[in-house]
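S.K.: my questions concern the predicted model and sequence given below.
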Amino acid sequence: MGSRRRNLLGLLLLVASVGSLVWFLQGEAAPRREPRKLAHELPLGARERGAEVVAAQVTRRAEEPSSESAAPAANAMLDTEPPYRRCVLARGRLVRSEDGSPLAGARVEAIALSCHQSDGVIWEGDHSAYPVSIESDAEGRFEYRDFVNGEAIFDLRFLARGRTVRELHKVRAPLGETAELGDLALAWGAIVRGRIVDAEGRPFPEFEEEHALELSRVWSRFEVQHFRKHRAQSYATDTEVSAIDFEFTFEVGFPPGTWPLELHSEGWQLLGPDRVEVRAGEPVPPLELRVAPTACVEGRLLYEDGKPIHSITTVEALREDGVCVGRTWVRSNEEFTLFAEPGAPAVVRVRARGPAGHEVLPETQDQRASWGQRDLLFRLRRARSLVLSIVERGTGAPVSSAVTVCYQAEQETHAVELSVRCEKDGHEIEGVRSGRGRLLVVPADDHLMPSAPLSIEIGMGEIEALRVELERKSEQRVRVLDVEGRPIPGALVQAIHRGTSWIENRSAAEWFSLELLRLLDPAASFTVAAARTDGDGSAELLLPADLSSISLRATCTGFETKLRGELARSEAPLELVLERGVALRGRWIAPGWDFERLRFRLEAAEPADSLPQIALSAQGEFAVDGLRPGRYVAHLKWWNDYRFGPQREEGFVALAEERVELELDAPRELALDASRSAPGFVRARATLDGTAPASAYLRWRNEHGTCFGAYALDAQGAAGEVALPPGRYRAELLLSRPHEHPSRVVLAAAETQIAPDEQREVTLAFRSRG
C-alpha cells in the first residue's frame, strides 16, 4: 500500500514537471503581448525613440479586434483623439546665395508650434524649448519629420558656417502633406573670432588651475552676444570660451553692417570694443574684448542668534526712487556679492528679502552703502504668529465655518503677503511680519458678512490676540413692480455695499485670490447679495442689519435700471418700481468692417453710468431697450486684435474710437457714421541697405510715441496687412524680437501718413546705423 502511494506521487510529480516545461517553451516561442496603450496617452510633441515605441503600440491597438469588455469611455476617447503619425512635414534644399551651390552639413532647427488638431480646431502653443535639429546632406537637401495627428505648424531656422541665419515663420503642413520649400539661399556672413583680455589689453590674468576652471564656468554661462536678427541666434552660434586663453569664435556669419556687442556676465563689464564692423566679402580682424570687474557690495545674512540661513534669500540695491539697480542671491555660506548695474548711483539703499516665514530686523534693513563696501550685515528672524478669535457680532458665538484670512504688509503693494484658509475658531496665522498692515476675514458662509478691512500694527514684542467680529445677515424680501403695480418676473435684484471703487461680484470661493488686494481697500464697493424675482416679482436677499451703506439695484430688459438707497429693515417687502425705458435701434456705418469684432457701449452723461457692452451684428446693427431718457455718448472702439497678421509680436491698444452724442426722450432708430475714424490698412515692404531684411520685425509708432504692434517680415521683406488708425507714423525696423534690447533697433529713414479707412502699400528704405 505504501509503495503504491509512493508510485502515484512520483507519477503526479512527473506530469507536473512536463507541464511546466511545455508552458515555459510555449511562453518563449509565443510573441509577448504588450499592454494596451490608448492613443490619447501619447504626449503632445513626442519625439525620437520613445515616441516611436508608443506609436507602434498605438498601431497595434488599432489593428486588434474590438473587445466586448472594453470600457465605453476608453473607446470614446480613442475615437475623439486620432493616433499620431510620423510624417515628413517639410522638405527643401539649402544653397549659397551667390552661386547656388549646395550647402552640406548646414543645421536646420525645427520648432513645433502645434501638431495637434481636435474637432477641426488647431491649438497653437509656444515655441518648444528643445527644437528638432537636422543636418543637410551632401546635396544640401533636408527633411523635417515629426509625429502629428493633425495639421502641423512650425518655425524653421537655417544655420551654416559663414552664412547668415535665415528663418521661416509658421510654416503649415496639413496631415499627410509635405511643405515643399524648394531652394533656400543663405547669404554670406563674416566669421568673428577674438579673445578676452584685461583692461590694459594684456592676456587675462593667470590663476590657479581650480580658479581658472571656475572662471571658465562663469564665462561659459553667457555669450559675448552679437545682435543680429533673432534672439535665438545668440545661442545658435555655439560660442565656446577657452579655459586657458579665453578665445571665442562665432561660426554663424555676421551680415554686412555695424553690429553692437554686449557682454552679459555677473561681475564683469565690457570696456570695448562695443561693436563690430563687417564689410561685404572681407574677413573681420580678430577682436580683443577688454573686460573689467564690476563694482560690487559684499556682506552677510545671519539669524539674530548667529545661526546660518539655509533657505533662499535675495538682496537688492535700490535708488532713492525705489528703482532696482542690482539683485543677487545669498550663497550657501550666508555671504552675498551685489554687482552694480548700468545707471547705478554711487550710494544705494541695500535691502534684503527674507524667505517665507522670515523677516529682516528693522534696524538692519535699508542700509546705505557705497560700491566697494564689504562689511554689510543683515540679521533675520523667524516671523511670528497672530492668533485670531473670530466670532459673530452681538452673540459672541465662535465662527466654526471656514474663513479666508488675508494679511498684507503696508510696504508690500504688489501681492497679498499672507493668505490662508482656516477651518476652526482660534485661528493661528503664522509668518506675520512686523510693521503696519491690513487684515481681511471672508467667511465661506453666505449668512455672514466679510469683515471690514482692519488696520493693524505688529510690533517687535509679543503679538496680542486679535478679536474679529462678523455680522450675520438676515432675510429681507424685495418686490419689483412696474408703474401700474404689476409684478415684474425675472428682474435681477442686487444689494450693493457702496464705496468709491467697484469690485466685481465674486463668490466666497473666488475671493481667495489676488483680487483680495482690491478688497482690502475700505472704500471698495462690492455685491453683498443678488437674486432674481419669481413670478410674483419677489426675491429673497440676505442683508446685514445695518443698511446705511447698502443700496438696492434692480435691472430688467425693457425697463429702466432703478437704484434705491436709504433702506430700513422692515417685515414688509421693500419695493422697487421700474419704468418702461426708451428703445434705441440703429446701425454703424463703416464699409468693409466686420462689426462683430468691434466693441460698442453707451455711457449716460448725467448721471455717469456706463452700461454693459452692446453686441453688434456683422453689419453693425444693434438694439437696446430700457434706457432712461436723457443724454448719452455712444463709443465704438477698434482694437489691434482685429485683422492683425499672424506674426504680431507686441502691442494691444485701441486703434481708433468714434464718439457720438445722443439725446433720447423717445424710441429712436439711428444710423451712426464711423467711417471717418475707421483705421486704415497698410501693406508695408521694407529694405535694409537695399536688400530684404529676412527674420526682422517692423514696428509702428504714432507721433505721440504709442506703439501699435510689431509684425514679422517674410523673406521678401513684406509685413502683410496691418490696421492703423488715421495719423502720421514712424516705422522702426527691429533686428530681434520686440521685447529684447533696444540697441537692436534700426530707426526708420522715413515717415508715412495713414488716412481713414485707406488701403495703401508703402515701401520703407532703412539703413544700418554706424
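M.R.: Yep, that arrived.

S.K.: only C-alpha atoms for contact and neighbour calcs from this point on.
M.R.: Will do.

S.K.: show me what counts as buried in stretch 316-328.
M.R.: By neighbour count on 16 or more other CA atoms under 10 Å, the buried set for stretch 316-328 is Glu316, Ala317, Leu318, Arg319, Cys324, Val325, Gly326, Arg327, Thr328.

S.K.: send the alpha carbons of that stretch over as PDB?
M.R.: Below are the C-alpha coordinates for stretch 316-328, written out as PDB (Å, rounded to 0.1, in the frame of the first residue of the first chain):
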ATOM      1  CA  GLU A 316      18.800  94.100  -4.000                       C
ATOM      2  CA  ALA A 317      20.200  97.600  -4.400                       C
ATOM      3  CA  LEU A 318      17.700 100.400  -4.800                       C
ATOM      4  CA  ARG A 319      17.900 104.000  -5.900                       C
ATOM      5  CA  GLU A 320      16.200 106.700  -3.800                       C
ATOM      6  CA  ASP A 321      13.200 106.500  -6.100                       C
ATOM      7  CA  GLY A 322      12.900 102.700  -5.400                       C
ATOM      8  CA  VAL A 323      14.200 101.500  -8.800                       C
ATOM      9  CA  CYS A 324      16.300  98.300  -8.500                       C
ATOM     10  CA  VAL A 325      19.900  98.700  -9.900                       C
ATOM     11  CA  GLY A 326      21.200  95.300  -8.700                       C
ATOM     12  CA  ARG A 327      19.900  92.000  -7.400                       C
ATOM     13  CA  THR A 328      21.600  88.800  -6.300                       C
END
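
S.K.: what does that stretch rub up against?
M.R.: Contact partners of stretch 316-328, identified using CA atoms under 8 Å, 6 or more residues apart in numbering, comprise 314-315, 336-345, 348-352.

S.K.: out of the residues you listed, which end up buried?
M.R.: Counted by 16+ other CA under 10 Å, those give 314-315, 336-341, 344-345, 348-352 as buried.

S.K.: inside strands: which ones of the buried residues of stretch 316-328?
M.R.: Among those, DSSP state E puts Glu316, Ala317, Leu318, Cys324, Val325, Gly326, Arg327, Thr328 in strands.

S.K.: and those residues as TSV, adding distance to Tyr632 and pLDDT?
M.R.: What follows is those, written out as TSV (distance: CA to CA, whole Å; pLDDT from 0 to 100):
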residue	distance to Tyr632	pLDDT
Glu316	51	83
Ala317	51	83
Leu318	48	83
Cys324	46	78
Val325	49	80
Gly326	51	80
Arg327	52	79
Thr328	55	81
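
S.K.: tell me the one of those nearest Thr691?
M.R.: Ranked by distance to Thr691 (CA to CA), those are led by Val325 at 40.1 Å.

S.K.: return the distance of that closest one relative to Tyr697.
M.R.: 30 Å (CA to CA, to the nearest Å).

S.K.: just Thr533 next, same as before
M.R.: 56 Å.

S.K.: more neighbours, these two?
M.R.: A count of neighbours by other CA atoms under 10 Å puts Tyr697 above the other of Thr533 and Tyr697, at 29 against 20.

S.K.: was I right about the more buried one contacting Ala718?
M.R.: No: between Tyr697 and Ala718 there is no contact under CA atoms under 8 Å: 9.7 Å.

S.K.: for the stretch 251-400 of the chain, what spans make up the strands?
M.R.: 257-263, 268-272, 275-278, 287-293, 296-303, 314-318, 324-329, 335-339, 347-353, 358-360, 367-370, 376-382, 384-392 (DSSP state E, counting those that start in this stretch).

S.K.: now distance to Leu636 too, for these, in TSV please.
M.R.: Formatted as TSV, the strands of the stretch 251-400 of the chain follow (distance: least, CA to CA, whole Å):
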stretch	distance to Leu636
strand 257-263	44
strand 268-272	51
strand 275-278	48
strand 287-293	56
strand 296-303	54
strand 314-318	44
strand 324-329	40
strand 335-339	50
strand 347-353	47
strand 358-360	51
strand 367-370	52
strand 376-382	55
strand 384-392	49
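
S.K.: right, and those - which one's nearest Ala710?
M.R.: Using CA to CA, the nearest of the strands of the stretch 251-400 of the chain to Ala710 is strand 257-263, at 21.3 Å.

S.K.: domains for this protein, by residue range?
M.R.: For the chain, the domain assignment from automatic domain parsing gives the residue ranges 27-188, 190-293, 296-382, 384-470, 474-578, 582-673, 680-766.

S.K.: first-to-last residue distance for the fourth one?
M.R.: Chord length of domain 384-470, first to last residue, is 25 Å (CA to CA).

S.K.: what mean pLDDT does it have?
M.R.: Mean pLDDT, domain 384-470: 69.

S.K.: ditto for the first one
M.R.: Across domain 27-188, pLDDT averages out at 63.

S.K.: taking the buried residues of stretch 316-328 together, which two end up most distant?
M.R.: Largest pairwise distance in these, by CA to CA, is 15.7 Å, between Arg319 and Thr328.

S.K.: and the helices in the protein, which stretches?
M.R.: 2-29, 48-63, 72-80, 209-220, 233-236, 516-519 (DSSP state H).

S.K.: circling back: from the buried residues of stretch 316-328, which single one is nearest Pro725?
M.R.: Cys324 (36.5 Å).

S.K.: list the beta-bridge partners for that closest one.
M.R.: On the basis of DSSP bridges, Cys324 is bridged to Leu318.

S.K.: same question for Val633.
M.R.: The partner residues for Val633, given DSSP bridges, come to Glu603, Glu661.

S.K.: go ahead and confirm it touches Leu664.
M.R.: No: contact status for Val633 versus Leu664: not in contact, 10.6 Å apart, counting by CA under 8 Å.
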